[in-house]
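1. below is the structure, and that's it, no one-letter string:
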Ligand SMILES: Nc1ncnc2c1ncn2[C@@H]1O[C@H](COP(=O)(O)OP(=O)(O)O)[C@@H](O)[C@H]1O
Ligand SMILES: [Mg+2]
């Protein structure tokens with residue numbers, strides 16, 4: 001079973017040219033052990049920043065991040081990140097990519113091989129074990145990235161728009177597979193996306209962030225049976241509800257104006 005995650009009044013700020021800018025402001029979010037939470041919000045609102053904080057890659061300028069009852073002070077093997085792309089080492093085979101984290105963690109050869117074989121099978125890549133990333137489709141690459149992440153048996157899986165670069169059929173298949181793996185493992189998942197429908201299809205709950213500095217403007221509980229697919233009517237209806245939260249925040253002037261280099265893109 002995964003770990004609970006608690007963010008309390010978290011703010012994050014980056015120094016840049018000119019005055020420091022807040023990237024997140026006053027984010028309080030409690031995630032239960034084994035929950036699958038999706039976080040949506042426009043580009044630049046602080047979604048990746050939030051995952052980095054939970055991963056322990058950065059420390060907040062205010063507030064606290066607590067995982068399994070302990071304050072996060074740095075990265076740990078209990079938390080694993082999956083990115084949109086460039087996740088695999090091009091010079092390693094699929095097998096060695098999937099085993100990479102385990103090797104780093106000092107897992108003995110025999111156990112590592114058994115775990116890698118098991119996870120390659122679970123994600124349908126047994127026959128691709130000896131290929132290299134450039135020989136794989138985008139969907140297969142993300143499958144390998146999933147296998148590498150789950151092979152570490154993380155308590156918390158942090159997913160940063162992992163399927164955004166995929167074509168629709170590959171993405172739909174991975175949605176179903178990820179929901180299966182989540183149900184089988186009970187891992188806590190925080191899944192970030194700018195795609196509202198994807199968030200509703202995957203999450204038990206969708207947390208909505210305003211544009212930067214990101215803060216939580218609402219959330220929508222998704223009580224639909226799994227596996228869900230993005231085209232289903234119920235998913236589309238709930239996605240509209242989420243979209244409504246984003247639009248209402250815009251109209252109330254809660255969010256920063258659209259335009260500029262971060263175009264605030266959210267798709268439904
Ligand atoms: N390392 C960094 N240094 C300076 N600014 C950053 C850094 N990381 C993110 N930012 C800024 O913080 C804001 C939030 O970024 P990010 O979390 O990447 O947004 P999102 O993932 O929602 O698109 C943006 O304005 C971005 O430019
Ligand atoms: Mg991002």
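-> All right, it came through fine. This structure is a prediction, so every number in the text was calculated from the model and none was measured. Ligands and ions are numbered 1, 2, ... in the order given.
2. secondary structure element for the closest residue to ligand 1 within the stretch 101-250 of the chain?
-> In the stretch 101-250 of the chain, no residue comes nearer to ligand 1 than residue 212, which is 5.0 Å away by CB to the nearest ligand atom. C-betas here are computed from N, CA, C, even on glycine. For residue 212, there is no enclosing helix or strand under DSSP states H and E.
3. grab the nearest non-local neighbour of residue 65.
-> residue 72 (4.4 Å; CB to CB, 6 or more residues apart in numbering).
4. and for residue 73, the neighbour number?
-> 9 (other CB atoms under 10 Å).
5. try residue 251
-> 9.
6. doesn't residue 32 make contact with residue 4?
-> Yes. Counting by CB atoms under 8 Å, residue 4 touches residue 32, with 5.7 Å between them.
7. which neighbours do those two share?
-> residue 188 (CB atoms under 8 Å, 6 or more residues apart in numbering).
8. please say which of these two ends up with more neighbours.
-> For residue 4 and residue 32, the more surrounded residue by other CB under 10 Å is residue 4, and the numbers stand at 18 against 15.
9. please name the residues that touch that one.
-> 30-33, 67-69, 188.
10. do a quick rundown of the strands in the protein.
-> Per DSSP state E, the chain carries strands over the ranges 5-14, 21-31, 36-40, 62-67, 70-71, 79-82, 156-160, 188-193, 205-209, 216-221.
11. as JSON lines, those strands with mean neighbour count and distance to ligand 2 would be great.
-> Shown next, in JSON lines, are the strands of the chain (neighbours: other CB atoms under 10 Å; distance: least, CB to the ion, whole Å):
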{"stretch": "strand 5-14", "mean neighbour count": "19", "distance to ligand 2": "13"}
{"stretch": "strand 21-31", "mean neighbour count": "19", "distance to ligand 2": "11"}
{"stretch": "strand 36-40", "mean neighbour count": "26", "distance to ligand 2": "10"}
{"stretch": "strand 62-67", "mean neighbour count": "18", "distance to ligand 2": "17"}
{"stretch": "strand 70-71", "mean neighbour count": "11", "distance to ligand 2": "24"}
{"stretch": "strand 79-82", "mean neighbour count": "23", "distance to ligand 2": "12"}
{"stretch": "strand 156-160", "mean neighbour count": "24", "distance to ligand 2": "6"}
{"stretch": "strand 188-193", "mean neighbour count": "26", "distance to ligand 2": "7"}
{"stretch": "strand 205-209", "mean neighbour count": "24", "distance to ligand 2": "11"}
{"stretch": "strand 216-221", "mean neighbour count": "17", "distance to ligand 2": "17"}
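12. now those strands in a markdown table, please, with extra columns for mean pLDDT and distance to residue 55.
-> Formatted as a markdown table, these follow (pLDDT from 0 to 100; distance: least, CB to CB, whole Å):
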| stretch | mean pLDDT | distance to residue 55 |
| --- | --- | --- |
| strand 5-14 | 96 | 11 |
| strand 21-31 | 94 | 14 |
| strand 36-40 | 98 | 14 |
| strand 62-67 | 98 | 9 |
| strand 70-71 | 98 | 14 |
| strand 79-82 | 96 | 5 |
| strand 156-160 | 98 | 6 |
| strand 188-193 | 98 | 10 |
| strand 205-209 | 96 | 17 |
| strand 216-221 | 95 | 19 |
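13. include distance to residue 228 when you put those strands into a markdown table, please.
-> Below are the strands of the chain laid out as a markdown table (distance: least, CB to CB, whole Å):
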| stretch | distance to residue 228 |
| --- | --- |
| strand 5-14 | 23 |
| strand 21-31 | 20 |
| strand 36-40 | 11 |
| strand 62-67 | 27 |
| strand 70-71 | 33 |
| strand 79-82 | 20 |
| strand 156-160 | 16 |
| strand 188-193 | 13 |
| strand 205-209 | 12 |
| strand 216-221 | 14 |
